[in-house]
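In: Build me a structure from this.
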Amino acid sequence: MEPKSEASQPDSVRMSVWRRLLSRRAQYALDLTVLVATFLLAYLLRFDFQIPASQMRAVWVQLPYVVLLQFVALAVSGVYSFIWRYIGLAEIWAFGRAAFWSALPVLVLRLGLPERFQDWRVPLSVIVIDTVLAFGGVLAIRVLRRVVFERYEKHQRSGTSGRRKPVVLVGAGRAGVLAAKEIQGRGDIDLWIEGFVDDDPQKQGAVIQGKKVLGSTRDLPRLASELELDHVIITIAQVSREKIRRIVDICERIPIRAQIIPGFYELLDGRVGITRFRELQIEDLLGREPVKLEEDEVQSFIRGKTVMVTGAGGSIGSEMARQVAKYGPQRLLLVERAEFVLFETDRELRAQWPEIEIEPLVADVCDASRMRWIFAASRPQVVFHAAAHKHVTLVELNVAEGIRNNVLGTWALGELAGEFGVEALVLISTDKAVRPTSVMGATKRVAELVVQELDRSHDTRYVSVRFGNVLGSTGSVIPIFRQQIVSGGPVTVTHPEMTRYFMTIAEAAQLVLQAGTMGEGGEIFVLDMGEPVRILDLAKDMITLSGLKPYEDVDIVYSGIRPGEKLFEELQTAGEDMAKTRHPKIYIGKVNAYSSDEIQAAVRRLRELVLSGADEELRSYLDRLLPEAQLAG
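Out: Now for the predicted structure:
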């Protein structure tokens, strides 16, 4: 074995020294030293540093039991379970408790013992002085060690050279404080915090983490010029779309780059750290307030059960699987016919939730024999049906396949759910099912009717959940715009007035879970999608956030409305009533259901037409089946 180089030996020696210093025994020794020293100091202070000879015997009698009481109090209060490098305000209470419970018996002995035990009676002034000094001293040691360690660690991790980039943090709340603390405590972040800006008048002029609140967001143009800022960082954990929009507009006018801390749910999940700053994305401008779920209800709906998610490799299906996994199912069945995306989803879920039994199942929901085998072998108790063809243009060109998958697949899956005693089946539907102008929308509307019919004929609870576009889902407008911008444009918008509803994939999946707990059977739940967004504005925002200018750096052109597309999406048809539920973001659409005979006859007829591959006949039949539909010919 080769000897260590001379350069590496000092490092190993230093590490060895650190280990010895940081050992538990070293901490005990330090504490005992402080406790002994402060007791003697208390006596010296009591007698002006001239302890009478008559008192010296009392000092040596009292010192052992007082120090022992203090040491035991520290241990019982949990002080030695703390990680010293994280000592803060929350841990101070433990030192206070230890001080109180160690001083109390000494005080009782002082007041209760008779005169003949004079040597055991600690003077009251010594009790007070010693308690303050002793526990202040052991706390100070830990604080000092933390300061020394953080400086040492910062020096060791520092890999930056040259001038650091000056920034201001927008938001002096808890998230801002955490971000400032992390930036200042790390040596591998090449940022220098000039201060905070915050719109709260009470915070103006305040000093936080050694940095001053320099003004409000209105002062950003002045500060950017005076301080020569490189960029600003939005450090507000739960920030509204309107506030981000206003800050972005200010930064664009300066102009200066803006970054943002991760979303609050990402921080809670532990996916990222507070200092994983990133560029602003369109999702930030379209984002909404975090969803508040009835955790107990969702927990009882999922925990300890076998849950199936169909279409588990898709953007919505995979997020449904993630949300389900959070609530501790005993077994999670991932049904997906595309092998690669199923592999990716399975690998991600196993890494994050190793305690859950996860079973990836390559299967097509339209394959009756394969799905029957899965139900018989696995006996799912809850099914989330996300498998569907959802691309409007492609389904227009493949009518028979769209109906086979979206309608007949839902019917077959629902029949199996009823046959095998599934507790609940939740169909994920779409706003395109409302007054459909596309085959895709029509198939999802028929799927809703199928689910209502199945609810009448089985004990299983069948419900549908209807929502609009989800941000960043496969084939949606945002990934397409990103690709067009990277390619230099142009960005294609179908119509200047076209609008769509948007929500995040996580929000949609969470609300689907919540709706599943609320359904009694047969309902069509409609999610609150907020305000519609103009696609043209979306395109402009995405170009701007890429650091480019619309119509100058990247052009925007109009391609015209494609077959089956609507100018405006709707979440309910005329004549439908929307009933409130106990959740503020979930409504029940009261839709007139078809009779059992009508639905069963429709399913039989659609099956016949799909087998014959008669696309135009299928389109005509859907038009007749759904009077509100306006399908393109």
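In: Around the closest residue to Ala325 other than its chain neighbours, count how many other residues there are.
Out: In space, not counting the residues next to it along the chain, Ala325 is nearest to Trp353; the distance is 4.6 Å by C-beta to C-beta, 6 or more residues apart in numbering. Backbone N, C-alpha and C define where each C-beta goes, glycine included. Other residues within reach of Trp353 by the criterion other C-beta atoms under 10 Å amount to 18.
In: Quick check, Trp353 in contact with Tyr327.
Out: No - using C-beta atoms under 8 Å, Trp353 is not in contact with Tyr327; the gap is 10.5 Å.
In: mind checking how far Thr460 is from Glu423?
Out: When distance is defined by C-beta to C-beta, to the nearest Å, Thr460 is 7 Å away from Glu423.
In: The two: which is more packed in?
Out: Set side by side, Thr460 and Glu423 show unequal neighbour counts under other C-beta under 10 Å, the larger going to Thr460 at 22 against 15.
In: next helix or strand past the helix or strand hosting Phe135?
Out: With secondary structure defined by DSSP states H and E, Phe135 is part of helix 124-157. On the C-terminal side of helix 124-157, the nearest following helix or strand under DSSP H and E is strand 165-170.
In: Tell me how far that next one lies from the chain's centre.
Out: Strand 165-170 has its C-alpha centroid displaced from the chain centroid by 25 Å (C-alpha atoms, centre = their mean, to the nearest Å).
In: next one: stretch 222-242
Out: Between the mean C-alpha location of stretch 222-242 and the chain-wide mean there is a distance of 22 Å, by C-alpha atoms, centre = their mean.
In: Of all the residues in that stretch, which ones are buried?
Out: Burial within stretch 222-242, assessed by neighbour count using 16 or more other C-beta atoms under 10 Å, is assigned to 223-224, 229-237, 239, 241.
In: first to last residue in it, what's the distance?
Out: Length of stretch 222-242, first residue to last, C-alpha to C-alpha, to the nearest Å: 22 Å.
In: now do stretch 41-60
Out: Counting by C-alpha to C-alpha, the terminal residues of stretch 41-60 are separated by 13 Å.
In: How far off centre is that stretch?
Out: Averaging C-alpha coordinates over stretch 41-60 and over its chain gives two centres that are 60 Å apart (C-alpha atoms, centre = their mean).
In: repeat for stretch 371-390
Out: Per C-alpha atoms, centre = their mean, the displacement of stretch 371-390 from the mean C-alpha position of its chain is 27 Å.
In: So Leu349 is in contact with Val324, correct?
Out: No - contact status for Leu349 versus Val324: not in contact, 9.5 Å apart, counting by C-beta under 8 Å.
In: shared neighbours, the two?
Out: Both Leu349 and Val324 are contacted by Leu332, under the criterion C-beta atoms under 8 Å, 6 or more residues apart in numbering.
In: okay, the two: which has more neighbours?
Out: Taking neighbours as other C-beta under 10 Å, Leu349 and Val324 compare with Val324 leading, 28 against 21.
In: Please state the backbone phi and psi of the residue nearest to that one when sequence neighbours are not counted?
Out: Nearest in space to Val324, with sequence neighbours left out and distances taken as C-beta to C-beta, 6+ apart, is Val307 at 5.2 Å. Dihedral pair for Val307: phi -120, psi 130, per degrees, to the nearest 10.
In: for the buried residues of stretch 222-242, which one is nearest Gly137?
Out: When these are compared for distance to Gly137 (C-beta to C-beta), Thr235 wins out at 36.1 Å.
In: per-residue confidence at the closest one?
Out: Here, the pLDDT recorded for Thr235 equals 82.
In: show me what contacts it?
Out: Thr235 neighbours (C-beta under 8 Å, 6+ apart): Leu169, Val170, Gly171, Gly173, Ala175, Gly176, Ala179, Ala180, Ile261.
In: same thing with Leu413?
Out: Leu413 sits in contact with Thr310, Val365, Met371, Val383, His385, Leu425, where contact means C-beta under 8 Å, 6+ apart.
In: Three-state assignment for the last one, please.
Out: Following DSSP: H, G, I helix; E, B strand; the rest coil, Leu425 is assigned to strand.
In: beta partners of it?
Out: In this structure, Leu425 has beta-bridge partners Val383, Tyr462, where bridges are defined by DSSP bridges.
In: residues contacting it?
Out: Leu425 makes contacts with Val382, Val383, His385, Leu413, Gly414, Ala417, Val451, Leu454, Thr460, Arg461, Tyr462, Val463, as judged by C-beta under 8 Å, 6+ apart.
In: Looking at these, spot the one nearest Thr131.
Out: The shortest gap between Thr131 and any of these belongs to Val382, at 58.7 Å (C-beta to C-beta).
In: Would you check that the closest one makes contact with Arg303?
Out: No - between Val382 and Arg303 there is no contact under C-beta under 8 Å: 10.8 Å.
In: who has more neighbours, the two?
Out: Counted by other C-beta under 10 Å, Val382 and Arg303 do not tie: Val382 has more neighbours, with 23 against 12.
In: do you know how far that one is from Ser457?
Out: According to C-beta to C-beta, Val382 and Ser457 sit 19 Å apart.
In: Quick one, grab the pLDDT at Thr461.
Out: No Thr there; residue 461 is Arg. The confidence metric pLDDT takes the value 94 at Arg461.
In: let me redo that: Leu21
Out: Leu21 is assigned a pLDDT of 50 by the prediction.
In: One more: Gly215?
Out: So Gly215 comes in at 88 (pLDDT).
In: got it, and Glu226?
Out: 88.
In: Confirm that it sits in a helix.
Out: Yes - counting by three-state DSSP, Glu226 is part of a helix.
In: Quick check: it vs Val486, distance?
Out: Shown here: Glu226 relative to Val486, a distance of 35 Å by C-beta to C-beta.
In: Could you chop the protein up by domain?
Out: 14-157, 165-280, 295-625 (automatic domain parsing).
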